[in-house]
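Trainee: Model the structure of this input:
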Amino acid sequence: MHPGAIAAATPDKPAVIMAGSGHVVTYRQLDEESNRLAHLFRAAGLRPGDHIAFMLENHPLFLTVAWAAHRSGLYYTAISSRLQPEELVHIVDNCEARVFISSAKLAGVAASVIGRTPHVELRLMIDGVAPGFESYEKATAAHPATPVDDECQGVDMLYSSGTTGRPKGVKPTLSKAPLDFAGPLFKLVRFLFAPSAGSVYLSPAPLYHAAPLRYCMTFQRLGATVVVMERFDPEEALALIERYGVTHAQWVPTMFIKMLKLPAEVRRRHDLSSLECAIHAAAPCPIEVKEQMIEWWGPVVHEYYAGTEGNGFLHAGPQDWLKHRGTVGRPLLGVVHVCDDEGNELPPGRHGTVYFSGGPRFVYHGDPETTRSAQDPQGRGWTTLGDIGYVDDEGFLYLTDRRSYMIISGGVNIYPQEAENALAMHPKVADVAVFGVPDPEMGEQVKAVVQPVSPEEAGPALEAELIEFCRGRLAHYKCPRSVDFRDELPRHPTGKLYKRLLRDEYWPPTS
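Mentor: Predicted coordinates:
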């Protein structure tokens, strides 16, 4: 299934509904516009295996651009609309894009690629024209709305969000399979979440991230309607579920927390009975948060653990999770191994680095050193996303933290995620990050940085209250010794916390 087949059967059915504006893109429009852009790619000399990049806000044409590249057999890189010019230039140049597409809304940052990305031969702008760019609308209007003769599947080449360093491009193998070929993700989604042409999928996150992009396109393969939020708002998300009869939606834990902190009367105001699957991933979810979500929404909350790298996929349905609280699931793609620093596999219950074997292989584009660092020390071809965790006797995986964020204080390993999960539930905490800072005696001590719900409450009294709150739930050595306050934490819209940016403030620069 693909947009062309859906358009032939139900041309006027909404493929995309923009939540804020109500703008609708029908399947006929999605099919015809993506075909025109595919022809433009061919006219520009691009052939299967070539590369394009695009930086757009959650725009009505976002998925159209992705489908145009996908049905042209191209690699396509969707780029965060929040990047600074230097970051944008790095990604466009690194992925060797020959075409770059952006919008008038992002023209200021998009202009930074001019003269600094030598591989780019064509620059297109939607909703206007800026110096160095051609009009997207005029360029595509000159081409037919029928498929290109050599239509075949492309693949996304997305960049990590850079939470632990410079963004890295994950380059998968290009299959060039027929457009109606069903890949692994399509099969997993159908098996786990049972979507259909009658499904309505709510996407509250930025589309440039791996999960929103891939899941939206997967649901469109089935002929479902995708409702795209321009930006997440907790009450509006609940209203959209009721308004459109949303059946499936994908979230990150910070969205759960924000919805749970809505007043009770607001939470009760909306009919959520249409929701069949609430899927979440991307970041660890505190056990208490998930318990409250299941109590509120019922046993419809599904979790998976995977990465942009695509080297493995774990799933925990609601019943599995209730029997194994805190798990991120058991593997459905790949085999999980938990290893010590030397690469020796550890028994159940022992914490170590989580590796996958048997899943798809990947490389970080143009970065063989980082590619090697993601492989196990004993050269077995196992790969890691950099997480620490353990498995239980039934093979369920539990994540402890990112390997790079582990705190070593007086020789004791401390996983800051535990304190973050505890503090996130305090009613006066809007957001929190916990990490290690220098300590002359212990090497590191635990620090919390908090975004308070009410900024005027920031101060010594709230600091003492939060430390005591944490100590009532965790061993004292795991709890912060001090708390600093910020108006806002550097969190990616997909839920990932740029903890490195906070941590670097407290550590002397390395030479």
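Trainee: What's the separation between Pro318 and Asn58?
Mentor: As judged by Cβ to Cβ, to the nearest Å, Pro318 and Asn58 stand 29 Å apart. In short, each C-beta sits where N, CA and C put it, glycine included.
Trainee: What of Gln417?
Mentor: Distance from Gln417 to Asn58, by Cβ to Cβ: 29 Å.
Trainee: Just want to know which of the two has more residues nearby.
Mentor: More crowded of Gln417 and Asn58, by other Cβ atoms under 10 Å: Asn58, with 22 against 19.
Trainee: my guess is the more buried one meets Leu213, correct?
Mentor: No: using Cβ atoms under 8 Å, Asn58 is not in contact with Leu213, being 10.9 Å away.
Trainee: so what's in contact with these two at the same time?
Mentor: Residues touching both Asn58 and Leu213 (Cβ atoms under 8 Å, 6 or more residues apart in numbering) are Leu207.
Trainee: what are the phi and psi values for Leu188?
Mentor: phi -60, psi -50 (degrees, to the nearest 10).
Trainee: for it, what are its contacts?
Mentor: With Cβ under 8 Å, 6+ apart, Leu188 has these contacts: 313, 315, 332-333.
Trainee: how does the protein divide into domains?
Mentor: 3-14+21-181, 333-405, 406-504 (automatic domain parsing).
Trainee: What's the mean pLDDT across the second one?
Mentor: So that's domain 333-405. In this model, domain 333-405 has an average pLDDT of 90.
Trainee: what does stretch 231-250 give?
Mentor: The average of the pLDDT scores along stretch 231-250 is 97.
Trainee: Start and end of that stretch, how far apart?
Mentor: Stretch 231-250 has an end-to-end distance of 14 Å (Cα to Cα, to the nearest Å).
Trainee: just stretch 451-461 next, same as before
Mentor: Taking Cα to Cα, stretch 451-461 runs 15 Å from one end to the other.
Trainee: Offset the numbering so it begins at 430, please.
Mentor: Yep, numbering from 430; the last one is stretch 880-890 now.
Trainee: how far is that stretch from where the chain is centred?
Mentor: Between the centre of stretch 880-890 and the centre of its host chain there is 30 Å, according to Cα atoms, centre = their mean, to the nearest Å.
Trainee: So in the chain, which helix runs the longest?
Mentor: Secondary structure of the chain read by DSSP state H shows that its longest helix is helix 456-472.
Trainee: tell me which residues in it are buried?
Mentor: Across helix 456-472, burial judged by 16 or more other Cβ atoms under 10 Å covers 456-470.
Trainee: Count residues in the vicinity of Tyr906, would you?
Mentor: 15.
Trainee: what's the neighbour count on Gln807?
Mentor: 12.
Trainee: Nearest residue to it in space, ignoring adjacent ones along the chain?
Mentor: Gly772 (4.0 Å; Cβ to Cβ, 6 or more residues apart in numbering).
Trainee: and if you look at Leu512?
Mentor: Spatial nearest neighbour of Leu512, excluding adjacent residues (Cβ to Cβ, 6+ apart): Val538 at 6.8 Å.
Trainee: unless I'm mixing things up, that neighbour is touching Glu486, no?
Mentor: No: the pair Val538 / Glu486 is not scored as a contact, 11.1 Å apart, by Cβ under 8 Å.
Trainee: ok, the two, which is more surrounded?
Mentor: Neighbour totals were compared for Val538 and Glu486, and Val538 leads with 19 against 16 (other Cβ under 10 Å).
Trainee: Roughly how far does the more buried one sit from Leu485?
Mentor: 12 Å.
Trainee: just Asp770 next, same as before
Mentor: According to Cβ to Cβ, Asp770 stands 42 Å off from Leu485.
Trainee: Give the residue from these two that has the larger number of neighbours.
Mentor: Legend: neighbour count by other Cβ under 10 Å for Asp770 and Leu485, higher for Leu485 (25 against 9).
Trainee: The more buried one is in contact with Phe529, isn't it?
Mentor: No: Leu485 lies out of contact with Phe529 (Cβ under 8 Å); the separation is 11.1 Å.
Trainee: so how far is the longest helix of the chain off the chain centroid?
Mentor: Counting by Cα atoms, centre = their mean, helix 456-472 is centred 26 Å from the centre of its parent chain.
Trainee: do the same with stretch 634-653
Mentor: Between the centre of stretch 634-653 and the centre of its chain there are 11 Å (Cα atoms, centre = their mean).
Trainee: Same question for stretch 670-684.
Mentor: In terms of Cα atoms, centre = their mean, the centre of stretch 670-684 is found 15 Å from the chain centre.
Trainee: cool, stretch 513-526 as well?
Mentor: With Cα atoms, centre = their mean, you get 19 Å for stretch 513-526.
Trainee: I would like the residues contacting it, please.
Mentor: Contact with stretch 513-526 is made by 480-482, 484, 504, 506, 508-509, 512, 529, 538-539, 541-542, 545-549, 586, 588, 591, 595-596, 598, 794-795, as judged by Cβ under 8 Å, 6+ apart.
Trainee: Stretch 637-646 too?
Mentor: Residues outside stretch 637-646 that contact it (Cβ under 8 Å, 6+ apart): 484-485, 492, 495-496, 499, 507-510, 585, 587, 590, 614, 618, 630, 632, 634-636, 655, 657, 679, 708, 710-711, 736-737, 922-923.
Trainee: now that stretch: mean pLDDT?
Mentor: Mean predicted lDDT for stretch 637-646 stands at 94.
Trainee: again, but for stretch 744-754
Mentor: The pLDDT scores in stretch 744-754 average 96.
Trainee: for it, which positions count as buried?
Mentor: Residues of stretch 744-754 classed as buried: 744-747, 749-750, 753 (neighbour count, 16+ other Cβ under 10 Å).
Trainee: same question, stretch 570-590
Mentor: For stretch 570-590, a neighbour-count test (16+ other Cβ under 10 Å) marks 572, 576-577, 580-590 as buried.
Trainee: next one: stretch 703-714
Mentor: Buried residues in stretch 703-714, defined by neighbour count with 16+ other Cβ under 10 Å: 704, 706-714.
Trainee: And the contacts of the worst-scoring helix or strand of the chain on mean pLDDT?
Mentor: Least confident helix or strand, the chain: strand 841-843 with a mean of 77, by mean pLDDT, DSSP states H and E. Strand 841-843 is contacted by residues 780, 835-837, 865, 875, 906-907 when judged by Cβ under 8 Å, 6+ apart.
Trainee: packing partners for the following helix or strand past it?
Mentor: Downstream of strand 841-843, the next assigned helix or strand under DSSP states H and E is helix 846-853. When contacts are defined as 3 or more Cβ pairs under 8 Å, 6 or more residues apart in numbering; DSSP states H and E, helix 846-853 packs onto helix 716-726, strand 826-831, strand 858-868, strand 872-881, helix 889-900.
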